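Trainee: The following comprises the amino acid sequence and a computationally predicted model.
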Amino acid sequence: MFAPREDFFALAGPAPAGCAAAEWRARLELAACYRLFDWLGWAEGIYNHITLRLDTPQVDGPHADGVQPVFLINPYGLHYGEVSAANLLKIDSVGRKLDDSPYSVNAAGLVIHSAVHGARADAHCVMHTHTTSVMALACKQSGLRDDNFYSAYFKGRVGLHPFEGITTSSDEGPRLVASLGTHPVLLLRNHGVVVVGASIAAAFEQLWTFQRACDVQLASDSMAGANLPVAPDVLARIGEQAARMTPQGAGQGELLFYGMLRRAGVTASSISNLNRIKT
Ligand SMILES: [Zn+2]
């Protein structure tokens, strides 16, 4: 049976001492995602972030019980190509490190990701990018239109957030969450994008599609003449059509995510790096 996620973990070694097996798998999968972003050209120097919440199902949810999110984030100062399962930081909702690590946390990453992880039960994975196409589109008054193959899917699925400068103030968190609402995508005006998903693979599939939507809008707007609009009845059914193309719920996005990992040559054994990188 074709089981790409389990095939990925089959090459993983055992969890190191002191790290629970479930956390080690989360670390491997997240580190692989950083390497994939690097391979795709989605890294932004040492900036931007992909985070994964470690909550158990019992403490999951909107945290009405007072439980705050614990999540993995990239060490500030390392390029995505240097992120490994071992050097990812485990932090709490206010950025306190829960493991011994020489690295610090990027304050902007903490504000965005902590707010979203803490507010949405389905926000296990949160991705934030500044790719050229996405940022260029975020600067446009019109935002993302719905007139290309990929952007049509996002009609009604994108929240908008006004630019408040670099997201280093925790009081912006609730406003980010309000702008996101129940959408899978938040376009940060003049800035970039935030995508949430119930898993890394699910978030990756949304982001990959959004990135392509922005790439195509950027390209078509550089050509003479107006774009053809997509008919309303097509727009109305495209979400359902897309849902039939990929498994929903558990397994969403896994065919694409693991296929791209294989293409990029990213394996569980290549990103373990049991020795933390020392600065
Ligand atoms: Zn940013």
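Mentor: Here it is on my side, so go on.
Trainee: so where is the stretch 51-200 of the chain shaky, pLDDT-wise?
Mentor: 55-67 (pLDDT under 70).
Trainee: Tell me which stretches of it form helices.
Mentor: Under the criterion DSSP state H, counting those that start in this stretch, the stretch 51-200 of the chain carries helices at the ranges 107-119, 132-138, 173-180, 200-221.
Trainee: quick one, which of these is nearest to Trp24?
Mentor: helix 200-221 (14.5 Å; Cβ to Cβ). (Each C-beta comes from the backbone N, C-alpha and C, glycine too.)
Trainee: which element follows that closest one toward the C-terminus?
Mentor: helix 232-245 (DSSP states H and E).
Trainee: Turn the helices of the stretch 51-200 of the chain into CSV, including distance to Asp146.
Mentor: Shown next, in CSV, are those (distance: least, Cβ to Cβ, whole Å):
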stretch, distance to Asp146
helix 107-119, 24
helix 132-138, 13
helix 173-180, 19
helix 200-221, 9
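Trainee: Which among these is found nearest to Ala15?
Mentor: helix 200-221 (17.9 Å).
Trainee: right, and the helices of the stretch 51-200 of the chain - which one's nearest Ser84?
Mentor: With Cβ to Cβ, the closest approach to Ser84 among the helices of the stretch 51-200 of the chain belongs to helix 200-221: 15.6 Å.
Trainee: Ignoring the adjacent residues along the chain, who's closest to Trp175?
Mentor: Trp isn't right for residue 175; it's Arg. His161 (7.2 Å; Cβ to Cβ, 6 or more residues apart in numbering).
Trainee: what's across from that neighbour in the sheet?
Mentor: His161 has these beta-bridge partners by DSSP bridges: Leu188.
Trainee: residue contacts, Ser199?
Mentor: Ser199 makes contact with His124, Cys125, Ala250, Gln252, Gly253, Glu254, according to Cβ atoms under 8 Å, 6 or more residues apart in numbering.
Trainee: scratch that, Thr168
Mentor: Ala107, Ala108, Val111 are the contacts of Thr168 under Cβ under 8 Å, 6+ apart.
Trainee: same thing but 10 Å
Mentor: Applying Cβ atoms under 10 Å, 6 or more residues apart in numbering to Thr168 gives the contacts Asn106, Ala107, Ala108, Gly109, Leu110, Val111.
Trainee: Now for Cys125: which residues touch it?
Mentor: Contact partners of Cys125, counting by Cβ under 10 Å, 6+ apart, are 26, 29-30, 33, 50-53, 71-72, 113, 116-117, 195-204, 206-207, 253.
Trainee: cool, Arg157 as well?
Mentor: Neighbour list for Arg157: Leu144, Thr182, His183, Pro184, Val185, Gln206, Phe210, Gly239 [criterion: Cβ under 10 Å, 6+ apart].
Trainee: what do you get if the cut-off is 7 Å, keeping everything else the same?
Mentor: Residues in contact with Arg157, defined by Cβ atoms under 7 Å, 6 or more residues apart in numbering, are His183, Pro184, Val185.
Trainee: Repeat that for Thr51.
Mentor: Going by Cβ under 7 Å, 6+ apart, Thr51 touches Phe71, Leu72, Ile73, His113, His117, Val126.
Trainee: Quick one: buried ones out of the contacts of Thr168?
Mentor: Asn106, Ala108, Gly109, Leu110, Val111 (16 or more other Cβ atoms under 10 Å).
Trainee: which non-adjacent residue is nearest the last one?
Mentor: In other words, Val111. Spatial nearest neighbour of Val111, chain neighbours left out: Thr167 (4.7 Å); criterion: Cβ to Cβ, 6+ apart.
Trainee: correct me, but the one you found touches Ala108?
Mentor: Yes: the pair Thr167 / Ala108 is scored as a contact, 4.7 Å apart, by Cβ atoms under 7 Å.
Trainee: hang on, the earlier thing: indicate which one of the helices of the stretch 51-200 of the chain is closest to Ala17.
Mentor: Of these, nearest to Ala17 by Cβ to Cβ is helix 200-221, at 24.9 Å.
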